[in-house]
Structure formats: structure tokens, C-alpha cells
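Peer 1: just coords:
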Ligand code: NGQ
Ligand code: ZN
């Protein structure tokens, strides 16, 4: 049994900002949290404590191609042409490379304030499409990366079977993703075993999209979630909405709400293209909207109607998805800026009059991240002690207190203001740098030289 005590001048709790907060942690979990306390000798003290955020959607391997897909092709560039480049890239990845890239991406996630990641994992098989001896070989590598980096892992093994609506045959560049229903059940079993060495690994399921999974397959795999999270990509591109209307007779989000039992276990990743009825119904369903503002901008997806969704009582979280850039504050800032640019307003997601936009974005994303990943829901007894500390002397934070700290961090672009990050009460980032960065970055660099040779 290990015990530790922390003391914050200010900390963000579910009840709002609290002062002079003493927090005790045992075996990685918060036991008590007492505002208005005094520090005791031996307490770790910090000026500002914030709960770590869940990164609800990542494809870790895509980190290694950040910046390598920004050259125009011979015709019009789009999400679909980007996907061709991405498929060519993943064709070179072996298990060692996936582990090295994932560990690096997780280091960057932790350094930016994400303390758990939902890995939407579909690169299952060898280059020729043959399963590895352990069907969860790649999942095991993602877990090994999480062991190295210390991040919380919610592994979401993906079921993938088709190249488009109507059960279209998969293309040859999708052969590393594919399973039968039985094979997928075996993958889940092996994935559960692969998570055993992590202190708080979570297993969920992920039907890739209504493009890659038929209604029959969706019905067959949903019960395999066994109470865990269920994530699906949905309505990210207009073509997907058109194809869904043509083949299923409904828009994709509407179809899911009508045909699957959607509740709080579900995370609708992107959900970019919604009509007004879908906005209301999705908010009512309890599903989390898994928004990935940086990737959605990079891929030209569109702008999620976050203003209407929030007003309808919906909950969103954020994800770094393609990992083209990994930064909590950037995701939240871009989410708000997308609304400002299209609505011609300001403080759109502040959640009401006289409220802080940054604080509301953070609060909602904390809730959505926890819900979607079965993760810690903030600084509260019983939750995992996953938190970060900000440097009050950083120029962008000087003189601020409470919500103004969040606004200045998020809108002031003060990445360097993140000082320490703790996972399960153990420090993983100090002075803004991950404690294992040197080793992990060296192995990442060796991997990239090999891959890009
Ligand atoms: C993915 N990424 O699974 O990596 C997808 C591309 C697809 C995003 N949708 C593949 N952003 O959706 O078919
Ligand atoms: Zn994705």
C-alpha cells in the first residue's frame, strides 16, 4: 500500500475551484480531498491542480506521419486521398514500430494534459493480412507502450469488415483490419489478457463505422461490449451521409439512434454532419460526441454544431485522432474557434451568461472523456489520482486565479505552463517533460529512420 499527500493553493474540483486543498492518495486512488486545509510536512505542494483529461479518440500510429500528408496530389485533395496515403504508410508498420510510435504519442499526450487515451485500434494483422500468433499482438504492443509512458489505456479493438455501405467487399489495403464475428470475439478475449499487466486498463469495443460494418454485424458484436464502452466513427464526411441515405434509408446518426440501443456507453466519434433532429436526439441519448477538432480541421471534415448540442444538454469529449498535433488546449481552443468562425459570435461554448468559455470547455470535455473511456471523472474521492499542475509564474498565467487560468491556458496558447503531470498519484511529467522522454524518443527516432528510409 502506497500513500501520498498533495497540497494545492487552488484546485479544480467538480464543485468548482477550491482553495488550500489537501489531497490524499492511496494505491493510485484519491481517498480524501479537503479544501481549507493546511499542508503537512512531506506534502507535495503545487499552486494549481487540474484533473487530467481523457483523450477519447486516438490512432496512435498516425502520429508518425504527421506533416507527411500536406503535399497536394494531382487532383483535388480530400479526406479520401489522405486515407490512401495513410493506408500506404500503415503498410510498413510492424509490432515494434507500433509500440515505439504509440509510446512517443502517449508521452506527448501526457505532457499536454491528457492522462488517459482511448485507442481506436484497427491495425490488427501482419502486412499480408495474416493474423499474428497472438491475435492481440498489436493490442499487446499498445499496452506495453502504456506501461512505458504511464498513460491510462482504454483499448478499443475495432471490428472492420467492408469497404463501404451495403457490405461492399474490403479493399486489399484494408486486409490488416479484418475479422469474422468469431475472430473478433477471440480478439477481444486476447485483448483482455493483453491489458492484464496494466493497473487500470479498460477494454471496450469499436465497430469502425457504418461503412465498414453491416447492420447484422453491428447487432452481433454489440453484446460483446459486456458493459464496456462502445465507440463508432459516424457522419464525418458528407459522402458517408449520402451513402447512408442511399443504402440504409437514414442519415447515419439517425439510423444508429433508431436501430442500436444507444446510451451512455456509446461514443459517437466526429458526428460532424447532423440535422436539427439528430442534434436533439443524440443529446438525449446520453451518448458522448467524440470531437476531434484538430484532425477534423486537418481532414476538411466540417464543423460539429457544438452550440446546439450543448444547449440541448449533450456531452462531448475531445480526441487527438490522427495525432497530427497533440495538445489538450489546442483541441479545446479550435473547437470554440470553429463555432466563432461559423456563428460569427464569441464565447459560444461558455454555457450561459457570465461564464468562462475555457472553464466550460474543460468541464464538459472532462465529463465526456470520463464517460467515453470509463476513466477518472476529476478530482473526487474514489477516482484515479490523474492530475496536472500549472506554473503560476508562466507569463501567460501571471496574476490569474480560478477560471481565468483555464481561459489563459487554453486561449493564450500556454502549452509551456504545464508543469507536472501525475498518473495514479505517480509523477510522469516534471518541468513539462515526461520523465521517460529521452529513452522513448530515442527508440521513436530509430523507428522513424527505419520507416522513412
Ligand atoms: C481511421 N480516420 O480509422 O483512421 C479513419 C480513416 C476511415 C478518420 N476517420 C479511415 N479520421 O474512416 O475509413
Ligand atoms: Zn478515427
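Peer 2: Received it, and whenever you're ready, just let me know what you need. These numbers come from a predicted model, not from an experiment. Ligands and ions are numbered 1, 2, ... in the order given.
Peer 1: and residue 316, helix, strand or coil?
Peer 2: Three-state call for residue 316 (DSSP: H, G, I helix; E, B strand; the rest coil): strand.
Peer 1: isn't it up against residue 291?
Peer 2: Yes. Between residue 316 and residue 291 there is a contact at 5.1 Å, judged by CB atoms under 8 Å. (C-beta placed from N, C-alpha, C; glycine too.)
Peer 1: for burial, what's the neighbour tally of the residue of the chain found nearest ligand 1?
Peer 2: Nearest residue of the chain to ligand 1 (CB to the nearest ligand atom) works out as residue 59 at 4.6 Å. Residue 59 has 22 neighbouring residues, counting by other CB atoms under 10 Å.
Peer 1: residue 234 versus residue 257, what's the distance?
Peer 2: Counting by CB to CB, to the nearest Å, the gap from residue 257 to residue 234 is 10 Å.
Peer 1: returning to what we had before: was I right to think the residue of the chain closest to ligand 1 contacts residue 319?
Peer 2: No. Residue 59 is beyond contact range of residue 319, at 9.6 Å (criterion: CB under 8 Å).
Peer 1: partners of the closest residue to residue 287 other than its chain neighbours in the sheet?
Peer 2: In space, and not counting its chain neighbours, residue 287 is closest to residue 266: 4.0 Å by CB to CB, 6 or more residues apart in numbering. Beta-bridge partners of residue 266, counted by DSSP bridges, are residue 230.
Peer 1: which parts of the stretch 301-450 of the chain are strands?
Peer 2: 315-318, 387-390, 418-423, 426-430, 433-434 (DSSP state E, counting those that start in this stretch).
Peer 1: any idea of the mean pLDDT in the last one?
Peer 2: Looking back up the chat, that one is strand 433-434. Regarding strand 433-434, the rounded mean pLDDT is 98.
Peer 1: who's more crowded, residue 257 and residue 234?
Peer 2: residue 234 (30 against 21).
Peer 1: quick one: the more buried one from residue 63, how far?
Peer 2: With CB to CB as the criterion, residue 234 and residue 63 are 23 Å apart.
Peer 1: just confirm residue 117 is within a strand.
Peer 2: Yes. Under three-state DSSP, residue 117 sits within a strand.
Peer 1: tally up the residues packed near it, please.
Peer 2: Residue 117, neighbours per other CB under 10 Å, totals 32.
Peer 1: so what's it up against?
Peer 2: 54-55, 58, 60, 106, 109, 146, 151-154, 373 (CB atoms under 8 Å, 6 or more residues apart in numbering).
Peer 1: ditto for residue 84
Peer 2: residue 173.
Peer 1: residue 171: neighbour count?
Peer 2: Neighbour tally, residue 171, other CB under 10 Å: 11.
Peer 1: also the one 5 residues further on?
Peer 2: For residue 176, the count of nearby residues is 21 (other CB under 10 Å).
Peer 1: how far away is it from residue 83?
Peer 2: For residue 176, the distance to residue 83 - CB to CB - is 14 Å.
Peer 1: can you redo the strands of the stretch 301-450 of the chain as CSV with distance to residue 45 and mean neighbour count?
Peer 2: Shown next, in CSV, are the strands of the stretch 301-450 of the chain (distance: least, CB to CB, whole Å; neighbours: other CB atoms under 10 Å):
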stretch, distance to residue 45, mean neighbour count
strand 315-318, 30, 26
strand 387-390, 10, 26
strand 418-423, 11, 24
strand 426-430, 13, 18
strand 433-434, 20, 18
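Peer 1: adding distance to residue 409, write these out as a markdown table.
Peer 2: Formatted as a markdown table, these follow (distance: least, CB to CB, whole Å):
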| stretch | distance to residue 409 |
| --- | --- |
| strand 315-318 | 15 |
| strand 387-390 | 6 |
| strand 418-423 | 8 |
| strand 426-430 | 15 |
| strand 433-434 | 18 |
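Peer 1: low-confidence stretches in this structure?
Peer 2: Along the chain, the parts satisfying pLDDT under 70 run over 1.
Peer 1: which parts of it sit against ligand 1?
Peer 2: 59, 83, 209, 233, 236, 295, 299, 321-322 (CB under 6 Å from any ligand atom).
Peer 1: just the buried ones from those?
Peer 2: Neighbour counting by 16 or more other CB atoms under 10 Å classes 59, 209, 233, 236, 295, 299, 321-322 among these as buried.
Peer 1: select from these every entry located in helices.
Peer 2: residue 295 (DSSP state H).
Peer 1: and of the buried ones among the residues of the chain next to ligand 1, the nearest to residue 305?
Peer 2: Set against residue 305, the nearest of those by CB to CB is residue 236 (14.1 Å).
Peer 1: how about the nearest residue to the closest one once chain neighbours are set aside, what does it touch?
Peer 2: Using CB to CB, 6+ apart and skipping the chain neighbours, the partner closest in space to residue 236 is residue 270 (3.9 Å). By CB under 8 Å, 6+ apart, the residues touching residue 270 are 233-236, 290-292, 296, 301, 304.
Peer 1: bridge partners for residue 270, pull those for me.
Peer 2: residue 234.
Peer 1: need the contacts of residue 117 in a markdown table with secondary structure and neighbour count, can you?
Peer 2: Formatted as a markdown table, the contacts of residue 117 follow (DSSP: H, G, I helix; E, B strand; the rest coil; neighbours: other CB atoms under 10 Å):
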| residue | secondary structure | neighbour count |
| --- | --- | --- |
| 54 | strand | 31 |
| 55 | strand | 36 |
| 58 | strand | 29 |
| 60 | helix | 26 |
| 106 | helix | 31 |
| 109 | helix | 28 |
| 146 | helix | 29 |
| 151 | coil | 28 |
| 152 | strand | 29 |
| 153 | strand | 27 |
| 154 | strand | 28 |
| 373 | helix | 30 |
